[in-house]
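[1] here you go, sequence then predicted model.
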Amino acid sequence: MDNRFTADHEWLAIDGNIAKVGITDHAQSLLGDLVFVGLPDPGRAVTRGATVASVESVKAASDVFAPLSGTIVAVNAAVADDPSLVNSDPMGAGWLFSIQYHDASEVDALLSEVDYQRLLK
């Protein structure tokens, strides 16, 4: 599995042509305790950069963008029922959705973990 990141503070766990997506630990810590997660519909076609989900805390609301173009193939209903999973385990049980992507060059444009850590500094 290959982990990648976006400048919008999303992480991706890439396995073949499927990317599991969530928000980073940094993003969830800035937002604070989440009270709502809005997820996309499975089967929805998405374009890289389009708003596909949302997260809300007592402090702020934030859009989650599609890091890759493709089709939503799965959503994590558990985070809709319990948004605190994103706070407690953002890169594990707190994942949001999975995309089946078609263009590997979009993956190449994402940040490595080292590059993402540099962005945070």
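    That came through, no problem. Numbers count the residues shown, from 1 in each chain.
[2] who's the residue most central in space within the chain bridged to?
    By CA atoms, centre = their mean, the chain has its centre lying nearest to Gly22, at 2.6 Å. Per DSSP bridges, the residues bridged to Gly22 are Trp11.
[3] kindly report the same for Val55.
    Assigned bridge partners for Val55, using DSSP bridges, are Val37, Ser62.
[4] got the contact list for the residue nearest to the centre of the chain?
    10-11, 86, 90-91, 94-96 (CB atoms under 8 Å, 6 or more residues apart in numbering). In this view, the C-beta of every residue, glycine as well, is placed from N, C-alpha and C.
[5] could I get those as CSV with neighbour count, secondary structure and pLDDT?
    Below are the contacts of Gly22 laid out as CSV (neighbours: other CB atoms under 10 Å; DSSP: H, G, I helix; E, B strand; the rest coil; pLDDT from 0 to 100):
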residue, neighbour count, secondary structure, pLDDT
Glu10, 23, strand, 96
Trp11, 26, strand, 97
Val86, 26, helix, 96
Pro90, 23, coil, 95
Met91, 16, coil, 93
Gly94, 24, coil, 97
Trp95, 23, coil, 98
Leu96, 27, coil, 98
